[in-house]
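Q: got a sequence here, can you build the structure:
(chains A and B)
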Amino acid sequence: MTTTMRSPGLWTLAWRRLCRDRVGIVSLWVVAFYFGVVLMALGGWLAPDWTREVGVNYAPPTWWMGAQESEDAPAAPTTAQANVVADLYGLQDPLASEFAVMQAAYPNEVGLPPEPPRMQTLPLGGDKWGHDVLTKLIKGSQTSLLVGFVAALVATALGTLFGAVAGYFGRWVDDAFNWLYGVFTAIPYLLLVFAIAAVLQQRGVVTIILILGLTGWTGVFRLVRAEYLKHKSREYVLAAGAIGASNMRRMFVHILPNVSHVILVQLSLNVVGFIKSEVILSFLGFGVPVDVVSWGSMLNEAQNELILGKWWQLAAAGLAMAVLVTAFSMLTDALRDALDPKLKQ
Amino acid sequence: MGCVASLAYAATPEKVLHLELSAAETGFDPVATSDLNTAAIEQQLFEALLTYDYLARPVRLIPRLAATMPVVTDQGKTWVFTLKKGAYFCPDPVFKGQLREATAQDVVYTIMRFMDPKNRSPYKFLVDGKIIGLDELGDEARKSGRFNYDASIAGLEVLDRYTLKIRLKTTDYNFSHAMAQPMYGVVAREVIEAYAGDTASHPVGTGPYRLGRWIRSSLIELEKNPNFRHELWDFGATHSGSDPALGSDPKIANSEDARVIAQMKGKTIPQIDRIDIQVIEESQSAWLSFGKGELDMIGLAGQFSPMALTGDRLKPALVQRGIRLDRLIDPSIAYYFINQQDPVLGGMSRERIALRRAIFMAQNDEEMIRVIYKGQAFRNAYPIPDGVEGSDPNYRSVLNYNPREANHLLDQMGYAKGPDGYRRLPDGKPLSVRYTTSLSSQDRELDEMMKKSLDRLSIHFESEKLKFPEIIKAERQCRVQMRLSGWIADYPDGDNFMQLWYGPHIHENNGSCYQDPVWDRLYEKTLTMPASLQRDKIYRQLARLLELNGVTKVSTSHIRNVLSQPWLLGYKAHPILPSVWSYLDIDDTQRPKP
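A: Got it, this is the predicted structure:
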């Protein structure tokens, strides 16, 4: 009885190589942890409401409270302004009847209801309004990772499409795409991003994703185009053509899987770059709107807090970003090594 | 003469004053100016007939381009101004190398420009409806499309090269203040006509400085006007009042005046050769630059006051460095307004009034003072601030912070919550409030504050971010839905504040685009009244109407803290003058060497 030995595929081999890379595996766990946190935040199990004011203004981190000087003691929470019966100076209030009805309906409501008590300290401290920095950090990671991933997907998809079309068809199609590439890369990247952000005016996560996605495709384009130029004249592609495969089929069914390792590494690099870009955009005031929190918006807030000696928001957002970006970069390196056929042992 | 002066300056080391502006300038045509930063620069470039004494408190008018104070007759209806001789415009190619002296005819032309409908001047209100024959010229221009600057009218009569008679329709107790505004700085007709369409880039005045290098919204350099007449610094200490809110007393104020007088008396104006003004929108950057000695003076933003102040005093570390603090209550208000012409929030139906009042009642001013302004402001509900004629410290607002009552009001008026938890209009359409602020980090804090306020009412918040000059433009076009605006006294009279809601001032200063015949009639009554209890009574009605109709909520007044470096001589904060740079000097020996 004879048996056939199936040789392991590209992805199985890559996974095995990745598992042998300790730094890569640790980085993978760190990135997976961040994704786990983001998924739990998306599901509402973690940090359901970052806008709740749970601490006093600038509540310090719990573990650091003892080191604080007395003059920095947090301010008392908001006090209610007293209801005052005001003189109408002989004028008629157009809403007099409504207020009369309200007074009859709520006769015992005098002044403001007492505010719930606030924490003097919080695990990672509080911001100027008394928001919990830890909760903001979790919600912020959701925004930053979402922006990083979706923008990277958009940029990579565009770069792959443009690169495939330019590399496969060549001639004037290639010239046209190269001209477009030249235009985009001639302008310094951040200036281009700011210019588009300023023109769009509309703020929001979707806007940032669009800005980053539409400006970040050039790196992927360059590599994918080169790969397609190389692959289009190889035997397997010529053979596919000989048996009647259409151009589309040859480009995306036959060649694409063979260049996917390049695209995957670029996608990973783009995620890191776009997370940083979102932070820079939000830090400079072009980023997420005020009702959304991201690491960049936290750093933006922290720039004024730092000068007042309130360092905890800056430290939390900076550290969270640094750890993720470092882990992701290392994972990307490990992926590149794992996917590179030349390194096959 | 100009060349000789320039050579003389070159022989001595140049004195440069380094300053910052917290918001971009809007161009240097005085007729189009409405913001404080631009007015501060124009105060140095142009000269109005009158100005305010640098040291006198309460503030007092003195002649500037005028040789003497005007002769007022006919129960305040006839004003005769005599101009200084030898007040020359700064050099400009339009003058073809000739010295050009300011004359009474230039003053007439300057005043007429405010009524030219083409200019849409925000400061037209100071002469609108006041000078005999001038309104008719404006009406004619609206019909014909061209303002006749050659027309002679009874209200503006040139008696000779230096003398001008102004006849008013009725007694106006504030007319002298109008003639002290930097926007009424005298311009030359041939310059305005030569640069038609781009007058904002070609300021040519008789002031002590002229515009040098200008990078829009970034850098403004002022250099000495070589044609400026010989004038000596000659102010005397005349402080006669205290500032109860700040606890200062006349003795301290007079000792401060004595210091300023000792430093400046008898010096030629101006002493400083060049003024470099950087637009620094982020107060943190300004604070750090000041700390490094790169700026000679800054207005301390509230958020950084804990760094510089302990209570109302400068921190010892700064005192040791010789830094000085000038602190006064600004004759200013910060006020929320809602555009009355807005299709969603505007209108005078009870539903809309209730919605606007509810929005105002959700604003927690005390929290804003504590968290954003760090205690460098105080609650003031009245449109006329302390220190200005007509103010009322006993006024009580009907729009105090009370989100519970505001929610009841909205419930009662049919603003029901939709499935998303946010309120909708009574007809079921979506409801959101668009709040306009600038790009600065402090304005992001104001956005956060407004978001919190609207969340209390379950109303959607929308943020509109514009650069400051664009905000002003949008406001004049009634395109701003809601904003926290500010106004500082041009002159110390309540009229200067109440005019902000006068119907005919829409597209000028009336950012809320409020037009109410009842309000307008009451306001018009006050225009012919002197400062009096009777006028104050009407002012209180006007203020209350603004609240009852949900037009405006006056929120706060601010404390001005100005820090200056030890090498800056002669500085004293002035409550009204937008800038006093020509009265200063620099002791460069004290400035740290780079």
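Q: make it CA atoms for all contacts and neighbour counts henceforth
A: OK.
Q: what about B:Gln263, how many residues close to it?
A: Neighbourhood size, B:Gln263 [other Cα atoms under 10 Å in any protein chain shown]: 17.
Q: that one - that's part of a strand, no?
A: No. B:Gln263 is assigned helix when assessed by DSSP: H, G, I helix; E, B strand; the rest coil, not a strand.
Q: so it makes contact with B:Tyr571?
A: No. Counting by Cα atoms under 8 Å, B:Tyr571 is not a contact partner of B:Gln263; they are 9.5 Å apart.
Q: next, the buried residues of stretch B:112-127.
A: Judged by neighbour count using 16 or more other Cα atoms under 10 Å in any protein chain shown, the buried positions of stretch B:112-127 are B:112-117, B:120-127.
Q: for B:Asp234, which non-adjacent residue is spatially closest?
A: Closest residue in space to B:Asp234, ignoring its immediate chain neighbours: B:Lys265 at 5.8 Å, by Cα to Cα, 6 or more residues apart in numbering or on different chains.
Q: and the residue of the stretch 151-300 of chain B found nearest chain A, how many neighbours?
A: Nearest residue of the stretch 151-300 of chain B to chain A, counting by Cα to the nearest Cα: B:Gln284, 6.7 Å away. The local packing of B:Gln284 (other Cα under 10 Å) involves 19 other residues.
Q: my read: it touches A:Asn304, true?
A: Yes. Using Cα under 8 Å, B:Gln284 is in contact with A:Asn304, at 6.7 Å.
Q: need the residues of chain B near chain A, please.
A: Neighbours of chain A within chain B, by Cα under 8 Å from any Cα of the partner chain: B:284, B:303-304, B:306-307, B:350, B:354, B:366-367, B:371, B:396-398, B:400-402, B:404, B:408-409, B:412, B:439-441, B:444, B:447-448, B:451, B:463, B:465, B:540-541, B:544-545, B:548-549.
Q: rerun that using 6 Å as the cut-off
A: Taking Cα under 6 Å from any Cα of the partner chain as the contact definition, chain B meets chain A at B:Glu367, B:Arg396, B:Gln541, B:Leu548.
Q: nearest spatial neighbour of the third one, chain-adjacent residues omitted?
A: When you say that, I think you mean B:Gln541. Nearest residue to B:Gln541, sequence neighbours excluded (Cα to Cα, 6+ apart): A:Tyr89, at 5.9 Å.
Q: helix or strand: which one has that neighbour?
A: According to DSSP states H and E, A:Tyr89 maps onto no helix or strand at all.
Q: ok, now how distant is it from B:Glu524?
A: From A:Tyr89 over to B:Glu524 the distance is 18 Å, taken as Cα to Cα, to the nearest Å.
Q: about what we covered before: and the residue of the stretch 151-300 of chain B closest to chain A, which of the three is it?
A: helix.
Q: check the one 3 residues further on too.
A: Under three-state DSSP, the three-state class of B:Trp287 is helix.
Q: neighbours of it, how many?
A: When neighbours are counted by other Cα under 10 Å, B:Trp287 registers 24.
Q: from the centroid of chain A, which residue is nearest?
A: The centroid of chain A falls nearest to A:Ser144 when counting by Cα atoms, centre = their mean (2.2 Å).
Q: tell me which element that residue is part of?
A: Using DSSP H and E, A:Ser144 maps to helix A:133-169.
Q: right, and the helix or strand after that helix?
A: Later in the chain than helix A:133-169, the nearest helix or strand by DSSP H and E is helix A:171-186.
Q: name the residues that touch stretch B:440-448?
A: B:Glu282, B:Thr437 (Cα atoms under 6 Å, 6 or more residues apart in numbering or on different chains).
Q: same thing with stretch B:550-563?
A: With Cα under 6 Å, 6+ apart as the test, stretch B:550-563 has contacts from B:297-300, B:324-330, B:332-338, B:353, B:356-357, B:376-381, B:546.
Q: among these, which are in helices?
A: Using DSSP state H, the members of the contacts of stretch B:550-563 that fall within helices are B:Ile353, B:Arg356, B:Arg357, B:Leu546.
Q: for the third one, which non-adjacent residue is spatially closest?
A: This points to B:Arg357. Distances taken as Cα to Cα, 6+ apart put B:Gly550 closest to B:Arg357, at 4.9 Å, once the chain neighbours are dropped.
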